[in-house]
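Student: Sequence and predicted structure, then a few things I'm wondering about:
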Amino acid sequence: MNQRPVWIKHAAQLATIAGGPAPRIREGMSDLGIIEDGSVWIEEGEIRAAGTTAELEKRYGSRAAEAEIIDASGRLVTPGLVDPHTHIVYGGSREKEFEMRLEGATYMEIMEAGGGIHATARMTREATEEELFEQSFRRLDSFLSHGVTTVEGKSGYGMDLETELKQLRVMKQLNERHPADLVPTFMGAHAVPLEWKGREDEFVDLIIRDMLPKVAEEGLAAFNDVFCEVGVYTPGQSRRILEAGKEHGLLPKIHADEIEPYGGAELAAEVGAISAEHLLKASDVGIRKMAEAGTIACLLPATALYLREEAARGRDMIDAGVPVAVSTDCNPGSSPTTSMPLVMNLACISMRMTPAEALVAATLNAACAINMQDKVGSIEPGKQADLVMWDIQNYQELQYLFGVNHVMNVWKKGKLVISKEGEIRT
Ligand SMILES: O=C(O)CC1=NCN=C1
Ligand SMILES: [Zn+2]
């Protein structure tokens, strides 16, 4: 049945973030394209027009009777949020490690003792495809309820071909059966499996020889990611894995300089990575090289908070001309959250980004980090009608009134998928 057109009218602020698909840098990260008394006309799942209500009255007033009218008076309307970095498909949970860290153990100590990523890998290998699908489906529901309509998901909790493929196949099913869009990344190089300790280079050979060709052949991933970290993969091993992925058409991403400074940001620029992730310990040279290469910095302030680490230098990166995106890093060990609104608030408080920059980092720049900028990330004619109406009046309140979920309505491809209006009435 054809959907009726939807007309969202009289938004106090319509943050369009319009103006071209390139990732925003410097002052461009502050340009929200705000329209006051804003209106959006949605038809067949697409945005057809965005402007003032007066402008859209002229164009669509005669068709108002056939449309579903949404009164956004006094409310903020933004593009659907985009989370460009999650480990959303995983089995089990690691709440005990949360307690261990509060008692003084470090993330890497737990991992080196066989916990951390290895613990989740055991639980993910044991889980069936159906179990992983059910658990991850609920996480996508939670993302949607926080205004997130597009999510990137990484494999990496198997680090054997069978389980890596299992995770990626679950993501394919989620993308087909859940309203949210899910963009898959292969991350067989998430850690070195315990059984390969001491034979790291042979395991890198196995990733290159056996895993990447199979993932590419089944078309299961758009990107290839590696945890370049002291005690995990060296910059040399990381380069080998990322260059091999490029040969199979998988764009490089890299978990860089998270725990120790290790030249990951420099490597990201050198291999032409679409984005580098974490960057808590990125060097000034690495930041400059990323700016020159146009590498997107995907910053994860909730992970820094959770690990009780200093957050990445988001302010310095924006001032140096690096395009910045933000993400939850949703994963069972270092950031078990689906709240992009909290991440935008932390982008301000712990990385000294402004509310406008944080919103661009969670929409257009995040969409650019997963090559989705032609479809989502801004409110412009021809893009998917992925939008959020928030129960607040302006974009600053999104970061200022923190720790609260302000979502009122979420539309995905023009369909209403979340509505808090009903909750308030009942
Ligand atoms: O701990 C995890 O499961 C996820 C993670 N990978 C690299 N840093 C954090
Ligand atoms: Zn991660």
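Tutor: Everything's here; your move. Residues are numbered from 1 along each chain as shown. Ligands and ions are numbered 1, 2, ... in the order given.
Student: ok, so what distance separates the closest residue to residue 204 other than its chain neighbours from ligand 1?
Tutor: Leaving aside its sequence neighbours, residue 204 sits nearest to residue 237 (C-beta to C-beta, 6 or more residues apart in numbering; 5.1 Å). Yep, even glycine has a C-beta here, placed from its N, CA and C like the rest. Separation of residue 237 from ligand 1 (C-beta to the nearest ligand atom, to the nearest Å): 15 Å.
Student: Please apply the same query to residue 339.
Tutor: In this structure, residue 339 and ligand 1 are 17 Å apart, going by C-beta to the nearest ligand atom.
Student: who touches that residue in this structure?
Tutor: 146, 302, 328, 405 (C-beta atoms under 8 Å, 6 or more residues apart in numbering).
Student: how about the strands in the stretch 101-250 of the chain?
Tutor: 148-154, 181-189, 223-228 (DSSP state E, counting those that start in this stretch).
Student: Output those strands in TSV; the columns should cover mean neighbour count, distance to residue 319 and mean pLDDT.
Tutor: Shown next, in TSV, are the strands of the stretch 101-250 of the chain (neighbours: other C-beta atoms under 10 Å; distance: least, C-beta to C-beta, whole Å; pLDDT from 0 to 100):
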stretch	mean neighbour count	distance to residue 319	mean pLDDT
strand 148-154	29	26	98
strand 181-189	26	29	98
strand 223-228	28	25	98
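Student: give me every residue that touches residue 210.
Tutor: Residue 210 neighbours (C-beta under 8 Å, 6+ apart): residue 161.
Student: I meant to write residue 388 there.
Tutor: Applying C-beta under 8 Å, 6+ apart, the residues contacting residue 388 are 77-81, 147, 149, 407, 409-411.
Student: 7 Å instead, please
Tutor: Counting by C-beta atoms under 7 Å, 6 or more residues apart in numbering, residue 388 touches 78, 80-81, 147, 407, 410.
Student: for residue 4, same thing?
Tutor: Contacts for residue 4 (C-beta under 7 Å, 6+ apart) come out as 66-68.
Student: Kindly provide the distance from it to residue 64.
Tutor: 11 Å (C-beta to C-beta, to the nearest Å).
Student: Secondary structure element for the closest residue to ligand 1 within the stretch 301-426 of the chain, which one?
Tutor: In the stretch 301-426 of the chain, the residue that lies nearest ligand 1 is residue 333 (2.9 Å; C-beta to the nearest ligand atom). Per DSSP states H and E, residue 333 falls between elements, in no helix or strand.
Student: residues touching the residue nearest to it when sequence neighbours are not counted, list them.
Tutor: Excluding the flanking residues, the one nearest residue 333 by C-beta to C-beta, 6+ apart is residue 94, at 5.1 Å. Residue 94 makes contact with 119-120, 332-333, according to C-beta under 7 Å, 6+ apart.
Student: and if you look at residue 5?
Tutor: Contacts of residue 5 (C-beta under 7 Å, 6+ apart): 41-43, 63, 66-67.
Student: likewise residue 120?
Tutor: Per C-beta under 7 Å, 6+ apart, neighbours of residue 120: 90-92, 94, 157, 332-333.
Student: returning to what we had before: show me which of the contacts of residue 4 are buried.
Tutor: residue 67 (16 or more other C-beta atoms under 10 Å).
Student: Let's see which of the contacts of residue 4 end up in strands.
Tutor: residue 68 (DSSP state E).
Student: Let me know the closest of the contacts of residue 4 to ligand 1.
Tutor: Nearest to ligand 1 among these, with distances taken as C-beta to the nearest ligand atom, is residue 68, at 41.4 Å.
Student: pretty sure that closest one contacts residue 8?
Tutor: No: at 9.4 Å, residue 68 does not count as touching residue 8 under the criterion of C-beta atoms under 7 Å.
Student: I'd like the contacts of residue 94 as a markdown table, with pLDDT appended.
Tutor: A markdown table is the format used below for these (pLDDT from 0 to 100):
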| residue | pLDDT |
| --- | --- |
| 119 | 97 |
| 120 | 97 |
| 332 | 98 |
| 333 | 96 |
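Student: Which residues of the protein lie near ligand 1?
Tutor: Within reach of ligand 1 by C-beta under 6 Å from any ligand atom, the chain has these residues: 87, 116-117, 120, 227, 255, 258, 331-334.
Student: what number of residues lie near the closest residue to residue 283 other than its chain neighbours?
Tutor: Of all residues not flanking residue 283 in the chain, residue 261 sits nearest, at 5.8 Å (C-beta to C-beta, 6+ apart). By other C-beta atoms under 10 Å, 15 other residues sit near residue 261.
Student: so residue 261, which of the three states?
Tutor: coil (DSSP: H, G, I helix; E, B strand; the rest coil).
Student: how near is it to residue 279?
Tutor: For residue 261 relative to residue 279 (C-beta to C-beta), the value is 10 Å.
Student: cool, residue 105 as well?
Tutor: Where residue 279 is concerned, residue 105 sits at a distance of 24 Å (C-beta to C-beta).
Student: Show me what residue of the stretch 101-250 of the chain gets nearest to ligand 1.
Tutor: residue 117 (4.7 Å).
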